[in-house]
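Q: A structural model of the following input is requested.
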Amino acid sequence: MAEPLPSRPGARLAVLGSPIAHSKSPALHRAAYSRLGLDWEYTAVEMTGERLPGFIDGLDDSWRGLSLTMPLKQDVLALVDEVDELERLTGAANTVVFDDGVRRGFNTDVGGIVRALGESGVGRVRTGALIGAGATAASALIAMAELGAREVRVLVRRPGSAAALGDLGRRAGVVVDELPIDALAELGAGDAELVIATVPGGSDLGVAPSAVLVDGSVLLDVAYDPWPSTLGAAWLARSGRVVHGLGMLLHQALLQVRVFVHGDPFTELPDEDDVLRVMREAVR
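A: All right, here's what the predicted structure looks like:
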């Protein structure tokens, strides 16, 4: 059951990252707070890791929290006082909430991925493939583990760059195999029932996915601008199953709103189905 709304008039929030001008987070959050009747301000701020400590230290008591995109999801870890279980596991935070002088970090990317896939009918997988090995890939790996995956192939350009994901996989009970990006042309549906791409949407991977993989696997591309991404276009060209990156963005943002409103990603919002509806309409 939803908890009553807090009394924090005029609270300030922002999404930080670089580049940030393209972010749809302000539209999502503003729609949510308007629907909830909260006079909260949510903006976008261009930010680098070098400037992040000074920025956070300079915030006054009017600030309720921050959303974090690349390259800040790991940079912020040293700046928070408390972390949730998923942040500790993945080594990445995309949310910080300020509670009476305490900085609390959260990872809502994992839940956003799981919820977006579930909405598209993907509830269980046995095998998966990840493209990229950064902070979002760590969240994607844990999301795959929550969906039941026990073997995940990580495709990278730079040999050895998936080592941290291998360690994470061992902690999550997932066998992680690193492969060169060129292996994308050879994988079949049996190798990966689910493919999650975590690289920027405009990236040229230099290789096309195999037709067998496209025909038999679901693609979630976390990138949403530009759309379709290179991989998204490859799947769509063969009428393959594609989960748009906006789905992940939408659902991780809803969990962020829960954190900013209640301080807890598991506490539902009042009329949450309608809050989700207006958020979805804000980015169509």
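
Q: list the contacts of residue 48.
A: By Cβ atoms under 8 Å, 6 or more residues apart in numbering, the residues touching residue 48 are 18, 71. From N, CA and C alone the C-beta is placed, and that goes for glycine too.

Q: mind checking the SS state of the closest residue to residue 161 other than its chain neighbours?
A: Leaving aside its chain neighbours, residue 161 sits nearest to residue 133 (4.8 Å; criterion: Cβ to Cβ, 6 or more residues apart in numbering). Of the three states, residue 133 takes coil according to DSSP: H, G, I helix; E, B strand; the rest coil.

Q: likewise residue 13?
A: Looking at residue 13 with three-state DSSP, the answer is strand.

Q: try the one 3 residues further on
A: Residue 16 carries the three-state label strand when classified by three-state DSSP.

Q: so what's it up against?
A: Going by Cβ under 8 Å, 6+ apart, the list of residues near residue 16 reads 44-47, 52, 55, 66-69, 72.

Q: list buried residues within those residues.
A: For the contacts of residue 16, a burial check counting by 16 or more other Cβ atoms under 10 Å picks out 44, 47, 52, 66-69, 72.

Q: what is the neighbour count of the closest residue to residue 13 other than its chain neighbours?
A: The shortest distance from residue 13 to any non-neighbouring residue, by Cβ to Cβ, 6+ apart, is to residue 42 (4.6 Å). Neighbour count of residue 42, defined by other Cβ atoms under 10 Å: 23.

Q: quick one: pLDDT of residue 42?
A: Here, the pLDDT recorded for residue 42 equals 98.

Q: am I right that it falls within a strand?
A: Yes: counting by three-state DSSP, residue 42 is part of a strand.

Q: okay, it and residue 23: tell me how far apart.
A: 11 Å (Cβ to Cβ, to the nearest Å).

Q: please apply the same query to residue 195.
A: 25 Å.

Q: which one's more surrounded, these two?
A: residue 195 (27 against 18).

Q: that one: what's it in contact with?
A: 128-131, 209, 213, 217-220, 231.

Q: how many other residues sit next to residue 57?
A: Close neighbours of residue 57, defined as other Cβ under 10 Å, add up to 8.

Q: so where's the longest helix in this protein?
A: helix 245-262 (DSSP state H).

Q: C-terminal to that helix, what's the next element?
A: helix 272-282 (DSSP states H and E).

Q: and the contacts of that next one?
A: 2, 24, 27-28, 30-32, 34-36, 250, 253-254, 257, 269.

Q: and those, which two are furthest apart?
A: Using Cβ to Cβ, the pair of the contacts of helix 272-282 lying farthest apart is 2 and 24, separated by 25.0 Å.

Q: what about the two, which has more around it?
A: residue 24 (18 against 14).

Q: give me the pLDDT value at the more buried one.
A: pLDDT, residue 24: 96.
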